[in-house]
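Colleague: Next comes the sequence, and after it the predicted model I'd like to discuss.
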Amino acid sequence: MIIHASKDFAKRFKCELSGAGQTVLQAGRLDAWSGHVFRVRRISFTLLMNDATLYSIIIPTTGLTTLPALLKVFLPRVSRLWAMHGASLDPDNQSVMVLPRSNRSLIGSMNEAVKSLQFFHDVMEVDEAPFDLTRIETRLNDTYYKAINQEKPARLLPKLLAGVLRQ
């Protein structure tokens, strides 16, 4: 698995970037995710977005300060997501390479997702509704993105996983 890390992500999780200083191609692969750390009010979150589908997973980062700690939360989530669509991923048997982010289109999509998440948080606060990350993830994954030809991540992921299973 590959994680394309923002500078904030690499700093937060004390990651050594492989290929630092090199141009690293960031093709849309199902096993590649882009990670970024951001704050909503005083709460820190990590957004991990699949490079091929833009499917988003949001993880509160309170108490998570190293990459292994984050991976203990992230990899089981990916495993459950894959299993929902008939694919498999063994969270205990993954080697992870951390590379710098380079895909400007994907960075723009992640920035758009962060702004949407902050907006959803503000709306929930005004409505005095509890901050529900599952609901926010569902909304993000049900959003059309230009970078994936006006497709929704929640629709594209099962299609791509089905294609992998047929091979």
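Modeller: Perfect, I can see it now.
Colleague: Helix, strand or coil: sort out the closest residue to L64 other than its chain neighbours for me.
Modeller: Using C-beta to C-beta, 6 or more residues apart in numbering and skipping the chain neighbours, the partner closest in space to L64 is L70 (5.1 Å). (C-beta placed from N, C-alpha, C; glycine too.) What DSSP: H, G, I helix; E, B strand; the rest coil gives for L70 is helix.
Colleague: and L70, what does it touch?
Modeller: Applying C-beta atoms under 8 Å, 6 or more residues apart in numbering, we find L70 in contact with F13, T46, I59, T61, L64.
Colleague: Just give me the closest of these to P100.
Modeller: F13 (13.7 Å; C-beta to C-beta).
Colleague: what sits against that closest one?
Modeller: With C-beta under 8 Å, 6+ apart, F13 has these contacts: A5, V37, L64, T65, T66, L67, A69, L70.
Colleague: close enough to count as contact, the fifth one and K14?
Modeller: Yes: between T66 and K14 there is a contact at 5.8 Å, judged by C-beta atoms under 8 Å.
Colleague: Please, where are all the helices along the chain?
Modeller: Taking DSSP state H, the helices of the chain run over residues 7-12, 67-84, 104-126, 133-141, 153-166.
Colleague: Skipping its backbone neighbours, what lies nearest L157 in space?
Modeller: Nearest to L157 is T53, by C-beta to C-beta, 6+ apart, at 4.5 Å.
Colleague: shaky segments in the protein?
Modeller: For the chain, applying pLDDT under 70 flags the ranges 19-27, 164-167.
Colleague: which residue is nearest the middle of it?
Modeller: Geometric centre of the chain, nearest residue: L48, 1.7 Å, by C-alpha atoms, centre = their mean.
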